[in-house]
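>>> Predicted model and sequence below, questions to follow.
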2 protein chains.
Amino acid sequence: MAMAGQEATNRQIILKHYVEGIMVKESDFELRDSKVLLLLHPGNRDVLVRNIYLSLDAYLRLLLDPTADSPYDREKPFSPGEVITGYGVSKVLASNYPEFKPNDYVVGITGWEDYSVIKEASTLRKIPQIGLPLSYFLGVLGMPGLTAYAGFYKVALPKSGDQLLVSGAAGAIGHLVGQFGKLAGCYVVGTAGSEEKERIGYDDAFNYRGETDLKAALKRHFPKKIDIYWDNVGGKMLEAVLKNMNKLGQIPVCGMISDYNLAKPEGISNLFHIVTKSLRMQGFAVTEYEHLYEEFTERVSGLLKDKKLVYFEDVSEGLEKAPRALIDLFEGKNIGKKIVKICDPDCKSLIYHGPTL
Amino acid sequence: MAMAGQEATNRQIILKHYVEGIMVKESDFELRDSKVLLLLHPGNRDVLVRNIYLSLDAYLRLLLDPTADSPYDREKPFSPGEVITGYGVSKVLASNYPEFKPNDYVVGITGWEDYSVIKEASTLRKIPQIGLPLSYFLGVLGMPGLTAYAGFYKVALPKSGDQLLVSGAAGAIGHLVGQFGKLAGCYVVGTAGSEEKERIGYDDAFNYRGETDLKAALKRHFPKKIDIYWDNVGGKMLEAVLKNMNKLGQIPVCGMISDYNLAKPEGISNLFHIVTKSLRMQGFAVTEYEHLYEEFTERVSGLLKDKKLVYFEDVSEGLEKAPRALIDLFEGKNIGKKIVKICDPDCKSLIYHGPTL
């Protein structure tokens, strides 16, 4: 256990300066050592945690550049010199918040650092002990999982026999959507950005980077055209899909990652298919579906335990790897959920970096 | 009444050749005189009609150029030498179809000509005598009216206090949507392409052609941002609107007229607002809502008789004016529903062009 008043070295990933241009570079970040007192003062509702896993998520791109045309009201860009924050799994060391006590594991917004004092502890969720790995709560049992679950079952409204195209098919969300599609009786084609990611239990898959004519590729892969397009990428893929959709098709829009890295995103010039085919494009945020959390956890943990759902993780070990891991995510190099492991769940393996807990 | 076997001159508007380039020209059409026998042979279900009013509709643009990337399955482009067809109001001269008899007035797809033999009479609808002008069944009581009604009440799902932007605000559909918006308690701003069209009972209106910065114009007109955008135009206006939408906003997509006239439509590069604001873009076609026809007719004719709804028509007189009238529509010069009047409802005033009926 953390001892009151004990000082520890706290390694932190800091935004050195805003990203310039399109591509994020490791040199945009720096690893800084600071000292932290493993102590909570009374009179507040803070929680002191040891961070274990960090989640790498596409939305972070929008917070690295204040000139991005970002419409996210609730999230302000990071400031240079500030520690990066994002979803993580942590162990509680000390708590002034009644819901959490030392040794609890929690998931929520934390810092990219060894230790964090979390001021908005109400946004944390205690991780239940259900015999599945802690890291799953950043993915299949966390926000990406709920995004896939709610987006597929509540937004896409699938019917058996539907022709489903999943973009970002190898990603944290996409590889789950594809499997939900199979479970729902859909014909599922996945598309991703590299060869080795092509087949993760789909009926068919293709690497969009290998196609010079996306419209023709989709026509070939979907002789019956597309009923549901799980859009995680936007851009040219969306344009090609619009051309190949069936009437009354559904396009749940989970992300437009191809636009996040572009100073001037490519325009889509055939949106008139929305009218002429009576398509529905529905953007959604996982926060709108948090009321489904219990139903989701029960169903998805059941599928995992019954081995009807396979979950992929892509783990980088060491806090210092976080910037590179984030860039890998932006470059589409991951298979499954991209996370960083800072220390073992018992918080002992990287003990060198801090005091005995 | 038409006399069996009587021959009449039938003026016809013919597609001379396909439209080349973006703009439709009068020289793409020609007026041709032909002879027609005012006679139906037995053994079929044809209906012979005298055409009275023609409807000018934006979708016709897609049928004038076979190279257009048109996804309308059900409508093939016209062939050069063929008479133009579209919605019209007609008087039945002779009928082999049991539902119609001579002197009935009908609305449906007919030819741009004095007389038509309609082979698919099942698509015609008999016009009821409810004390409103016949021409209304091409507009406020026809497809445009039902489009406005179904799109607004069943797709846009308005709530009192919603901030509503209507594009194509002076058009056949738009000027009705704006008034439905006021009746539903919305704050309504209309936008159209000329000065004189600005105010038709809206809370506010602006001429988009007078704005160099559409995003700024919308910000000025909607300090509370936009909850519902009635999209009839697509293009740059949609792009500016996306930037100014409120979260969970609705975008019923009724048309993308700005794309119909363009060989290479302008791309929209900020669709990521659909994700980040959880917007719904829903294309729809009036044909999906024909089951509402009775409810719609009753409610809207009631509003018209009570003077709670004002209907605007923009009438060109004479069949020969039809090509110019269509071009005026494409150029956005109309206020209200654009129609061509071929003859008086009693079919006597233009008697010169045909035999006594």
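Great, that's in hand. Numbers count the residues shown, from 1 in each chain, chains lettered A, B, ... in the order given.

>>> Right, and chain B sits closest to which residue of the stretch 251-357 of chain A?
Taking CB to the nearest CB, chain B has its nearest neighbour within the stretch 251-357 of chain A at residue A:267, 1.7 Å off. Just so you know, the C-beta spots here come from the backbone N, C-alpha and C atoms, and that holds for glycine as well.

>>> residues contacting that residue?
Shown in contact with residue A:267 (CB atoms under 8 Å, 6 or more residues apart in numbering or on different chains): B:266-269.

>>> How about residue A:161?
Residues near residue A:161 by CB under 8 Å, 6+ apart: A:185-187.

>>> how about a cut-off of 10 Å?
A:184-187, A:224, A:227 (CB atoms under 10 Å, 6 or more residues apart in numbering or on different chains).

>>> Also residue A:83?
Residues near residue A:83 by CB under 10 Å, 6+ apart: A:10, A:12-15, A:32, A:34, A:110-113, A:116.

>>> filter these to the buried ones?
Using 16 or more other CB atoms under 10 Å in any protein chain shown as the burial test, the contacts of residue A:83 include A:10, A:12-15, A:110-113, A:116 as buried.

>>> need those in a markdown table with distance to chain B, pLDDT and secondary structure, can you?
Shown next, in a markdown table, are the buried ones among the contacts of residue A:83 (distance: CB to the nearest CB, whole Å; pLDDT from 0 to 100; DSSP: H, G, I helix; E, B strand; the rest coil):
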| residue | distance to chain B | pLDDT | secondary structure |
| --- | --- | --- | --- |
| A:10 | 32 | 96 | strand |
| A:12 | 28 | 98 | strand |
| A:13 | 25 | 98 | strand |
| A:14 | 26 | 98 | strand |
| A:15 | 21 | 97 | strand |
| A:110 | 23 | 97 | strand |
| A:111 | 24 | 97 | strand |
| A:112 | 23 | 98 | coil |
| A:113 | 27 | 98 | strand |
| A:116 | 26 | 96 | strand |
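
>>> and which of these is nearest to residue A:122?
Within these, proximity to residue A:122 (CB to CB) peaks at residue A:110, which comes in at 13.8 Å.

>>> For the stretch 251-357 of chain A, which residues are neighbours of chain B?
The stretch 251-357 of chain A has residues A:251-260, A:262, A:264-285, A:287-288 near chain B, with proximity defined as CB under 10 Å from any CB of the partner chain.

>>> Spatially, what comes nearest to the spatially most central residue of chain A if we skip its sequence neighbours?
By CA atoms, centre = their mean, chain A has its centre lying nearest to residue A:57, at 4.1 Å. Take residue A:57 and drop its neighbours on the chain: the residue closest to it by CB to CB, 6 or more residues apart in numbering or on different chains is residue A:86, 6.2 Å away.

>>> what lines up beside the helix or strand hosting the one you found in the sheet?
Here residue A:86 sits within strand A:85-95, counting by DSSP states H and E. Under the criterion DSSP bridges, strand A:85-95 sits next to strand A:47-55 (antiparallel), strand A:105-111 (antiparallel) in its sheet.

>>> so of those, which one's packed in deepest?
strand A:47-55 (a mean of 26; mean count of other CB atoms under 10 Å in any protein chain shown).

>>> where in chain A is pLDDT low?
Across chain A, the ranges flagged by pLDDT under 70 are A:1-5, A:68-75, A:194-199, A:257-265, A:348-357.

>>> Regarding it, what is its longest helix?
helix A:293-305 (DSSP state H).

>>> Give me the buried positions along it.
For helix A:293-305, burial by neighbour count (16+ other CB under 10 Å) applies to A:293, A:296-297, A:300-301, A:303-304.

>>> outside of that helix, which residues touch it?
Identification of contacts with helix A:293-305 by CB under 10 Å, 6+ apart yields A:125, A:128, A:130-133, A:136-137, A:140-142, A:145-146, A:148-150, A:153, A:176, A:179-180, A:183, A:286, A:289-290, A:292, A:308-311.

>>> Run through the residues that contact the residue nearest to the centre of chain A.
Listed by CB under 10 Å, 6+ apart, the contact partners of residue A:57 are A:86-87, A:138, A:143-144, A:172, A:255, A:326, A:329, A:337-338.

>>> was I right about residue A:221 contacting residue A:206?
Yes: under the criterion of CB atoms under 10 Å, residue A:221 makes contact with residue A:206 at 6.2 Å.

>>> Identify the contacts common to those two.
Common neighbours of residue A:221 and residue A:206, using CB under 10 Å, 6+ apart, are A:165, A:189-191.

>>> Leaving aside the residues adjacent along the chain, what's closest to the residue in the stretch 101-250 of chain A that chain B sits nearest to?
Relative to chain B, the nearest point of the stretch 101-250 of chain A is residue A:234 (5.9 Å; CB to the nearest CB). Closest residue to residue A:234 apart from its sequence neighbours, by CB to CB, 6+ apart: residue A:256 at 3.0 Å.

>>> The one you found and residue B:187: what is the separation?
Relative to residue B:187, residue A:256 is positioned 30 Å away (CB to CB, to the nearest Å).

>>> So between these two, which is more surrounded?
residue A:256 (27 against 20; other CB atoms under 10 Å in any protein chain shown).

>>> and the more buried one, what does it touch?
By CB under 10 Å, 6+ apart, residue A:256 lies in contact with A:58, A:167, A:231-235, A:237-238, A:262, A:265, A:268, A:283, B:270-276.

>>> same check, this time on residue A:131
A:301, A:304-305.

>>> Phi, psi for it please.
phi 80, psi 20 (degrees, to the nearest 10).

>>> how much space between it and residue A:305?
Distance, residue A:131 to residue A:305, by CB to CB: 8 Å.

>>> do residue A:38 as well
To residue A:305, residue A:38 is 36 Å away according to CB to CB.

>>> residues near residue A:151, how many?
With other CB under 10 Å as criterion, residue A:151 counts 26.

>>> Can you tell me, leaving aside adjacent residues, what's nearest to it?
Spatial nearest neighbour of residue A:151, excluding adjacent residues (CB to CB, 6+ apart): residue A:252 at 4.8 Å.
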